[in-house]
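**Q** only geometry, no sequence info:
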C-alpha cells in the first residue's frame, strides 16, 4: 500500500455501520423482559402470554440421568425415577461432574423437562437445531422427532443431524413433559448443546424462516463478494490478493452453512454426519491460510518472512488430518485447532497494527474490522467451551462485517471497482428480497399441498365422500367411545342392485354418475352431524350411525332405499326397471367381549339376505342372532 491521506470519514461510517449490524445480531433474541428459566427440571410458563411475549428459550436446569435411557412411561410420574442429576441446558455433558468426577464425552443419557403452561394455550411448536450426536425426542411419551440411532454403545449407535420444527401434540394439556434420549460415541462431546425455542406454531415457524433467511443473506452476501473478487482476479492476474480473498470468502461461506443452524443440510438433504462435521472443521482450518496469503499480498512490508508460511502450512496440514480421520478422532484436536486460530488472529492483529502505525491507506478501518472479527471469534470459542452462553453465534456476522470492510478497502484502489461494488450491493439486496419472497411463497404452497393431501387421504376420489380408510378410523373411534358409554352403535351396508348389468347396459361413465348420485343422495339425507356415509368398495356404501338402535337404523335404511327409488333412474337390466338399493342393518352395544368386525360382519350378512330375498329391500340382523346386539 502507498502512503496517502486516508479517507477517514468514509471508513468510519462503514466501520460504525458494521459494528451496529453486529450489535443488532447479538441482540436479536434478547427480550425486553427476561423469560423464566428452568429450575430443577421444571419450567414454569403458567403466566406466560404467548401472544404478547412471543417465544421462550428452554434453557436452565434440566433433569439429567447419565448412563440411562429411561422409557417415557417410567418417568411420567412425579417424582421421577431415582438417580436424577441437574444439568444446565444448553451445554455439553462432559462439563458435568458427578461425585467430583467429570463425565466422559462419550456415552448416553436421558434429559427431561416438565413445563407448566397457561390454561387454553394455543398450538405450540418446538424448534430443535442440533443435539450431540444422536437423539430421540418424546413429548408426553410420544416420539415426535429423532436424528441418528440412539444406542448404549458405539456399535449400535449412529450419529445424525436433523433440523426440526416439532408441533406439540394435544395442545389442551397444561403440563407437558419433554424427554430426550441422547447418545454420543462419535464426537468429543455430547448432550443438548444448542438453544431450543418453544412458542406458538406461527411464531416458531416465523423464527425458523427468519434464521434461514439470515443464513442465506450472510452466505449469499459473502459468496457474491467472493465471486466479485474472483472476477477482479480474472481481469488482473498479476495481483493475487483478490484470489486469496475470494478463497477466504468461500471458506467462510462453507463455515457459515455448516455451523450455527446447519443451513447446508437444506441445500444437501442427504449429507451424512461425518461429511457435515468435516466441512465444518475444514472450512474453519482453511480460512486462516487464505487470509494469511491475502494479507501478505496486501501489506508485504508489515510482517516477518517466516510468519505467513507458518500459518499457511500448519492450517493445510491440519485440514489434511481432518480429511484422513473420523470425527471421533479429529474432534479431540479441537483445542489444538482453537489455539492455532488464536495464533492466526494474533498474526493478523500484529500485521494490521503495524499497517496503522505506518499510516497506510484505510489501515484503520481494516484494523477495526479485523478486531470485530476477532471479538466475534473469541465469543464463539468461549461458547463452545461453555464459558459464555451467548444466545447466538457471532462469527458469521463478524466475518460479514470484516469482509465488507476488506472489500471496501480493496475497492478504493480502483474507481471502477467501487462502482461495481455498489451495483453488486444493489443486486444482492434485490436477490435477498426475492429469496425471502420465494421462501414465503414456497412455504404457503407446501402448507396448501399438505392440507390437500390430508383431505385426499380420507376422501373417495370419485364420489367425494369418505373412503374405506376414513370409515375404518371413524368406526374404531366410535367403537371405543360407545364402549365407554354403553351406547348402541349401528352400521348399514348397502349395495346398488344389478350394478354390473347397469354398467354393461349404459357404460362405465353412466355407472360412475350413478355412484356419485347415490353417494350424494345418501349424504344429503343424513340428518345428524355425526352420521357418516362412506364408499365401502365398488358399488357398496356403508353408513355409520352413532347412538342409534337397531330399529332406528332400520328406519334410516328404509328411508335411504325410498330416496333412491324416488330418483326414478332408469335401469332396464333390473327386474324393478329402476335403480334400487339393497341394505343390511346391524346394531351393537360394544363390550369387552365383542369387536367391531362382528358388527360389520352382521351388517354384511343382512345385506346378503336382502339380496337373496329379492333385492330392493332392507334386512336387519335379528336381535336373537348374537349376544350383544341391539
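**A** Looks like it came in fine. Quick caveat, the model's predicted, so the values are computed rather than measured.

**Q** SS state for the residue lying closest to residue 126 once chain neighbours are set aside?
**A** Excluding its sequence neighbours, the residue lying closest to residue 126 (C-beta to C-beta, 6 or more residues apart in numbering) is residue 166, at 4.5 Å. (Each C-beta comes from the backbone N, C-alpha and C, glycine too.) The local conformation at residue 166, judged by DSSP: H, G, I helix; E, B strand; the rest coil, is strand.

**Q** how many other residues sit next to residue 166?
**A** Neighbourhood size, residue 166 [other C-beta atoms under 10 Å]: 18.

**Q** Ok, residue 143 next?
**A** 12.

**Q** And the contacts of the helix or strand where it lies?
**A** Using DSSP states H and E, residue 143 falls within strand 142-147. For strand 142-147, the surrounding residues in contact (C-beta atoms under 8 Å, 6 or more residues apart in numbering) are 72, 128, 131, 134-138, 160-162, 164, 166-169.

**Q** and which of those is nearest to residue 619?
**A** Nearest to residue 619 among the contacts of strand 142-147: residue 169, at 43.0 Å, using C-beta to C-beta.

**Q** For the closest one, list the residues it contacts.
**A** With C-beta under 8 Å, 6+ apart, residue 169 has these contacts: 139, 140, 142, 144.

**Q** what's the closest non-adjacent residue to the second one?
**A** Once flanking residues are discounted, residue 140 sits nearest to residue 177: 5.4 Å by C-beta to C-beta, 6+ apart.

**Q** Just say helix, strand or coil for that neighbour.
**A** Three-state call for residue 177 (three-state DSSP): strand.

**Q** Now residue 497: phi and psi?
**A** When quoted as degrees, to the nearest 10, the phi and psi of residue 497 stand at phi -70, psi 130.

**Q** That one contacts residue 578, correct?
**A** No. Here residue 497 lies out of contact with residue 578, judged by C-beta atoms under 8 Å, at a distance of 9.6 Å.

**Q** name the element residue 111 belongs to?
**A** Using DSSP H and E, residue 111 falls within strand 107-116.

**Q** Any idea how many residues pack against the residue nearest to residue 228 when sequence neighbours are not counted?
**A** Nearest residue to residue 228, sequence neighbours excluded (C-beta to C-beta, 6+ apart): residue 424, at 5.6 Å. Neighbour count for residue 424, taken as other C-beta under 10 Å: 18.

**Q** Contact partners for residue 424?
**A** 224, 225, 228.

**Q** which SSE is it in?
**A** Going by DSSP H and E, residue 424 is in helix 415-458.

**Q** Would you tell me what the next helix or strand after that helix is?
**A** Using DSSP H and E, the helix or strand that follows helix 415-458 in sequence is helix 468-485.

**Q** Show me what that following helix packs onto, helices and strands only.
**A** Other elements packing on helix 468-485 under the criterion 3 or more C-beta pairs under 8 Å, 6 or more residues apart in numbering; DSSP states H and E are helix 415-458, strand 489-496, strand 532-537, strand 540-546, helix 596-612.

**Q** And stretch 471-491, what's buried?
**A** 471, 474, 475, 478, 479, 482, 483, 487, 488, 489, 490, 491 (16 or more other C-beta atoms under 10 Å).

**Q** quick one: the first one and residue 459, what's the gap?
**A** Distance, residue 471 to residue 459, by C-beta to C-beta, to the nearest Å: 11 Å.

**Q** before we move on, back to that, emit the ChimeraX select command for whichever of the contacts of strand 142-147 are buried.
**A** Filtering these down to the buried ones (16+ other C-beta under 10 Å) takes a single ChimeraX command:
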select :72,128,131,134,135,136,137,138,160,161,162,164,166,168
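
**Q** With respect to pLDDT, which of the contacts of strand 142-147 ranks lowest?
**A** Within the set of those, pLDDT is lowest for residue 164 (78).

**Q** Let me see the contact set for residue 563.
**A** Counted by C-beta under 8 Å, 6+ apart, residue 563 has contacts 521, 522, 525.

**Q** got any ranges where the stretch 251-400 of the chain has weak pLDDT?
**A** Scanning the stretch 251-400 of the chain for pLDDT under 70 picks out the ranges 361-362, 365, 381, 383-393, 395-396.

**Q** can you pull out the helices in it?
**A** For the stretch 251-400 of the chain, the helices defined by DSSP state H, counting those that start in this stretch cover 264-267, 273-298, 307-324, 327-330, 334-357, 363-384, 395-411.

**Q** so which of those helices gets nearest residue 586?
**A** Using C-beta to C-beta, the helices of the stretch 251-400 of the chain put helix 264-267 closest to residue 586, at 53.3 Å.
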